[in-house]
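*Asks:* Mind folding the following:
(2 chains)
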Amino acid sequence: MKETSIIISGFGGQGTLFAGQVLAYTAMDNGLEVTWIPSYGPEMRGGTAHCTVIVSEERIGSPLVGSPDIVLALNLPSVDKYETLMSSRGTLIANSSLVNREIERGDITSLLIPANKIAEEIGMSRLANMIMVGAMTKLRPILTLEMVKTGLEEHIPERHRKTLPINFEAIDKGYAFAEEAGAS
Amino acid sequence: MAKELLKGNEAFAEAAIRAGVEGFFGYPITPSTEFLEHMARRMPKLGRAFVQAESEVAAINMVYGAACTGKRVMTASSSPGLSLMMEGISYIAGTEIPVVVVNVMRGGPGLGNIAPSQGDYYQMVKGGGHGDYFPIVLAPASVQEAIDSIALAFDLAEKYRSVVHVIVDGNMGQMMEPAELPPMREIPTESPPWAVTGAKGRNPNILTSIYIDPVDEEVTDLRLLKRWKEVEKNEVRYEEYELEDAKIAIVAFGTSARVASSAIHDAREEGIKVGLFRPVTLAPYPQKRLDEIAQQVERILVIEMNSGMMLDDVQRVVQGRVPIEFYGRMGGITPLPGEILEEIRRVAANEDEVEGDPRNEWMTRLEKKIMGGGE
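*Replies:* The predicted model follows:
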C-alpha cells in the first residue's frame, strides 16, 4: 500500500464522520500518514454527510480525491454518486438495508451488506457505520480488524466508552458477514 | 510530545494558546468557527481573555485596544468577516502594534458560500485596508505547519510591530491530520517599551494612527516602508518539491500546492519533469528564488483556488522570460489531483507561446468543463 483513499458517505446522523475518524486515529496510531476531511456544508444538517480519509506510507498531498479506492456507502444517494467515480479495482461496500439495487460496475469489488438490519439485531441501530467498517477490514485490510478495534478503544469519547463492547460486536459482525458473503 | 489527530481550526487555536496568546476577540463564522469555540472553552480556564464580540467590527477593535497594552492578542475569522475587520486592521498597522489575524477563507465574493477558497489573496496579501502599510502573510499547507506558523506569526508581529495574517482555506480549517503541539510557552511578565500600561514613573507612551500633519504621516509611512524592507530581507520562506531537474515549475500555495504535489507525484511516474514551488510567505513574496527558478525551467504553471491573483506576482517576477500558464478553480471549488495532472500533461505537450493574459485560454477550457456538465 502506497496511498489508499476512503470515502464514507451516508445521511447526516449515520455516523459517517465518526467512522472516518476511527480509521484516521487507527492509521495514525500505526505510524501511517493520514488525512481526514469532512463535508462541512449545509448537507450536514439533514442531507448527506461524507468524509474522505487518505491513508499513506508517504506524506499526503491532496486531502481530496476524485476517484476513491474504497467507498462505504450507507445510503442509496451515496452509491449513486460514488459507484461511477470509483477507481477501477476499487471496493464498494453498500448498506443494502437502504440500497435497493445491485451494484452495476463489474471492474470493482463490491459487497452489499444489510448494515442496519445487523445493527438492529445486536441491539443498537446506530452502529451501521461500524458494521461497514468491520466489513472493510475484511475486504481491504489496510487497517486490520484488530488495529481498528484498538484504535476505537484508544480514542472513543469517554461518554461513549460503555458502548465499546457493542461497537466491537458490530465490527466483528461486519467482518464475519464479509467473510461469509465473499465479495463479487 | 506525541502526535495527535487534530482539526486545523482547533490546532491553530491551541497553538496560539501555547504561544502565549492572552486575548482572543472574535465572532463566529464558518469555516473558522471551531477556532473561536476552542478559545471559548480554553481561555477562561487559563485566566485569559475571551470575548465573543457583537460583530467582527467590534472584535477587531477589541484586538486593537488590547494589543496596545503589549499583550499577545489575536482574532480569527473567515472572508466576509475579514472584510468587516479591514478598517481596524489598517488602524492597527498605522499604530504599529503587533497583531495576528487568521483568515480561513471561503468562496466569494459577497456572502458567497462556506466552501474552501483562496479568493482573498489580493485582500490579505496586498493590504486590504486603506493606506500605506504592508502586512506579513503566512500560508501554511498542513495542520502541523499551521501550528508552527502561529508561534512564528506572533514572533514576527512583535519583531516588526506589524500585522501578521495567517491565511488558509476552509479545507485546512476543517481537515484533521496527525500533528504535534509545542509545549506551553511562558507568558512574558515584562511589557514591551512602547506599550500603554499606565505611565507611573515614566513619560506616557502614545499609540495612535492619527497624524494630522501630512509631514508626520509621511515620516510614519517611510518608517513602515523601511521596516517592510527589513522584512523582505529577513523573512522570506518557501518550500520546494521535485524541482531539482524540473522543466515545468508549478507555483501554488496552501491547499492548491498540496493537490499539485499529488499530481506531480503521478506526472513524475509518467516521466514528466515537473516540480513545485510553494511560497510559505505570500508577503514578503519569495521573488529571488522564483527568479532563479524562472531561469531553470521551460514553463511555469500557476495553480490557485481563485481567478488568478498570485499569478500577478509570478508574472511580475518572471517578466516574460518563460511562458506562464494558469489553472484555477473559483467559488469554493477545490481542484482534484486528476484535474491538475491533466493540466501538467497539457502543459508538457504545449510548445506554443502564451499570448496575452494566461487566463484567457484557461477561461475557455474551464467554461467548457463546468458548462459541459463534468466535474
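
*Asks:* And the residue of chain A that's closest to chain B?
*Replies:* A:Gly61 (3.3 Å; Cβ to the nearest Cβ). C-beta: built from backbone N, CA, C; applies to glycine.

*Asks:* That residue: neighbouring residues, count only.
*Replies:* By the measure other Cβ atoms under 10 Å in any protein chain shown, the count of residues near A:Gly61 is 26.

*Asks:* Next, it: secondary structure please.
*Replies:* coil (DSSP: H, G, I helix; E, B strand; the rest coil).

*Asks:* Look up the closest residue to it, ignoring the ones flanking it.
*Replies:* B:Ser262 (3.3 Å; Cβ to Cβ, 6 or more residues apart in numbering or on different chains).

*Asks:* element containing that neighbour?
*Replies:* Using DSSP states H and E, the element containing B:Ser262 is helix B:254-269.

*Asks:* pLDDT of that helix, averaged?
*Replies:* The pLDDT scores in helix B:254-269 average 98.

*Asks:* With just CA atoms, put it into PDB.
*Replies:* Provided in PDB are the C-alpha atoms of helix B:254-269 (Å, rounded to 0.1, in the frame of the first residue of the first chain):
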ATOM      1  CA  GLY B 254      -1.800  26.300   0.600                       C
ATOM      2  CA  THR B 255      -4.200  23.500  -0.400                       C
ATOM      3  CA  SER B 256      -3.600  24.200  -4.100                       C
ATOM      4  CA  ALA B 257       0.000  23.300  -3.600                       C
ATOM      5  CA  ARG B 258      -0.900  20.100  -1.700                       C
ATOM      6  CA  VAL B 259      -3.200  19.000  -4.500                       C
ATOM      7  CA  ALA B 260      -0.500  19.900  -7.000                       C
ATOM      8  CA  SER B 261       2.100  17.800  -5.200                       C
ATOM      9  CA  SER B 262      -0.200  14.700  -5.600                       C
ATOM     10  CA  ALA B 263      -0.500  15.400  -9.300                       C
ATOM     11  CA  ILE B 264       3.300  16.000  -9.600                       C
ATOM     12  CA  HIS B 265       3.900  12.600  -8.000                       C
ATOM     13  CA  ASP B 266       1.700  10.900 -10.700                       C
ATOM     14  CA  ALA B 267       3.200  13.000 -13.500                       C
ATOM     15  CA  ARG B 268       6.700  12.000 -12.500                       C
ATOM     16  CA  GLU B 269       5.700   8.400 -12.800                       C
END
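
*Asks:* quick one on the thing from earlier: how much space separates the residue nearest to A:Gly61 from B:Pro358?
*Replies:* Relative to B:Pro358, B:Ser262 is positioned 23 Å away (Cβ to Cβ, to the nearest Å).

*Asks:* Near chain A, which residues of chain B are found?
*Replies:* B:3, B:5, B:30-31, B:113-115, B:170-171, B:174-178, B:255, B:258-265, B:334, B:336-339, B:375 (Cβ under 8 Å from any Cβ of the partner chain).

*Asks:* Can you tell me which of the residues you listed are buried?
*Replies:* The neighbour-count criterion (16 or more other Cβ atoms under 10 Å in any protein chain shown) marks B:5, B:30-31, B:113-115, B:170-171, B:174-178, B:255, B:258-265, B:334, B:336-339 among the residues of chain B next to chain A as buried.

*Asks:* mind listing what the residue of chain A closest to chain B touches?
*Replies:* A:Gly61 makes contact with B:Arg258, B:Val259, B:Ala260, B:Ser261, B:Ser262, B:Ala263, B:Ile264, B:His265, B:Pro337, according to Cβ atoms under 8 Å, 6 or more residues apart in numbering or on different chains.
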